[in-house]
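A.B. asks: Sequence plus the predicted model coming up.
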Amino acid sequence: LRYLENEKNGKSPRKLHADETVRAEGAIDGLIQKVGHYAVEKKSVSVAAVKEDLQVGADEAEKVIGQLAKIGVLDRADESGNYRVIMEREAFDRRISRYQELSSRMRQIAAAKNTSLLDITITKKLISQENERAVKTRVPGMYGQNEGYIWIDKADIMEIHNGKTLLTYLDKNKEYKIYSADNRVIRTIKGEELYSGHYDRVEAVVRQRYKAAKPQPAKAVERTRRR
C-alpha cells in the first residue's frame, strides 16, 4: 500500500526506514477501519464529510476512500462526490478483517525486502489458468500480438466485489516474467513499470471526483472607476 510516497509543497518526503513504514501503514489500516465504520453507519460517505466529521486531512481521506472503494465497500461516486455503501456492518467487518490480513502480509514483505508494494485490482475475466498455489492472469493492455500474462501467488490475493475481482499487489522493484498463452517466458518487466503502464490507481479517480465536486471560489470582479 502506497500511502507514504506523497509529495507536499513540491518537496519529496523523508525516506522512511522499514520499521517506520510498517507503523505508519498500520495506522492507515486503522483509519480505513474507522472511516469504514463511519460510512456504514451513514450509508454513504464523501471526502468532504470525512474531513469535517473525522478531522482527517484531504490527502488521507482521498486515499482511505479510494481503498474502501477498491475492496468493494463503496460504490462509484455520484456527481457530487458521494460514495454509496454497498454492504452491511457484518459483511464489512469480515471484509476489513481479510483486508488487514493481506495488508499486514504486504507490510511484512515490504519491510523484509526493503521495497515498496503497489496494490492493484484484477477482474476475474482476465484469469486464464490456475493451479493449487497460483493464478495466471492476462495483463491489461497486453493483447493480440502483445498478449502477455503474469502468475500471482494465491496467498497474495483477496477476492472482492462478490468474487468478481481480485485485490493483490506488485513489488515495485521486482522483475516480473511475462508469459505467453502457452507459458513461455517472452520478456521481463519491472513492477513499477508494469503498474504505471497497465493498472489504474483508484485513489487518483477519487481525487479527480473530489476536486470536481468542490465548490469553486467566486472570482474577484475588478471594477474600473470612471473618471
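C.D. replies: That came through, no problem. Residues are numbered from 1 along each chain as shown.
A.B. asks: Give the burial count for the residue lying closest to Asp153 once chain neighbours are set aside, as a bare number.
C.D. replies: What sits nearest to Asp153 in space, not counting adjacent residues and going by C-beta to C-beta, 6 or more residues apart in numbering, is Ala134, at 5.3 Å. Where C-beta positions appear, they are placed from N, C-alpha and C, glycine not excepted. Ala134 has 16 neighbours, counted by other C-beta atoms under 10 Å.
A.B. asks: Check Tyr143 too.
C.D. replies: Residues within reach of Tyr143, counting by other C-beta under 10 Å, total 10.
A.B. asks: What segments of the chain are helices?
C.D. replies: Secondary structure of the chain (DSSP state H): helices at 18-42, 47-54, 58-70, 89-113, 191-198, 202-213.
A.B. asks: Can you tell me which of the ones you listed is most buried?
C.D. replies: Comparing the helices of the chain on average neighbours per residue, with mean count of other C-beta atoms under 10 Å, the densest one is helix 58-70 at a mean of 23.
A.B. asks: list the helices and strands it packs on?
C.D. replies: With contacts taken as 3 or more C-beta pairs under 8 Å, 6 or more residues apart in numbering; DSSP states H and E, helix 58-70 sits against helix 18-42, helix 47-54, strand 74-77, strand 83-85, strand 117-123, helix 202-213.
A.B. asks: If we use 6 Å, what do you get?
C.D. replies: In terms of contacts (3 or more C-beta pairs under 6 Å, 6 or more residues apart in numbering; DSSP states H and E), helix 58-70 is packed against helix 18-42, helix 47-54, helix 202-213.
A.B. asks: between those, which gets the lowest average pLDDT?
C.D. replies: With a mean of 56, helix 202-213 has the lowest mean pLDDT of the helices and strands packed on helix 58-70.
A.B. asks: tell me which helix or strand of the protein sits lowest on mean pLDDT?
C.D. replies: Here the helix or strand of the chain ranked lowest by mean pLDDT, DSSP states H and E is helix 202-213, holding a mean of 56.
A.B. asks: low pLDDT regions in the protein?
C.D. replies: Residue ranges of the chain with pLDDT under 70: 1-27, 200-227.
A.B. asks: try 80
C.D. replies: Residues of the chain that meet the criterion pLDDT under 80 lie in 1-29, 110-115, 200-227.
A.B. asks: First-to-last residue distance for stretch 75-84?
C.D. replies: Using C-alpha to C-alpha, to the nearest Å, one end of stretch 75-84 lies 5 Å from the other.
A.B. asks: For that stretch, buried residues please.
C.D. replies: Ala77, Gly81, Asn82, Tyr83 (16 or more other C-beta atoms under 10 Å).
A.B. asks: Does the last one touch Val45 like I think?
C.D. replies: Going back to what we said before, that points to Tyr83. Yes - counting by C-beta atoms under 6 Å, Tyr83 does reach Val45; the two are 5.3 Å apart.
A.B. asks: still on that earlier bit, between the helices of the chain, which one is closest to Ser128.
C.D. replies: Among those, helix 191-198 comes nearest to Ser128, with 15.7 Å by C-beta to C-beta.
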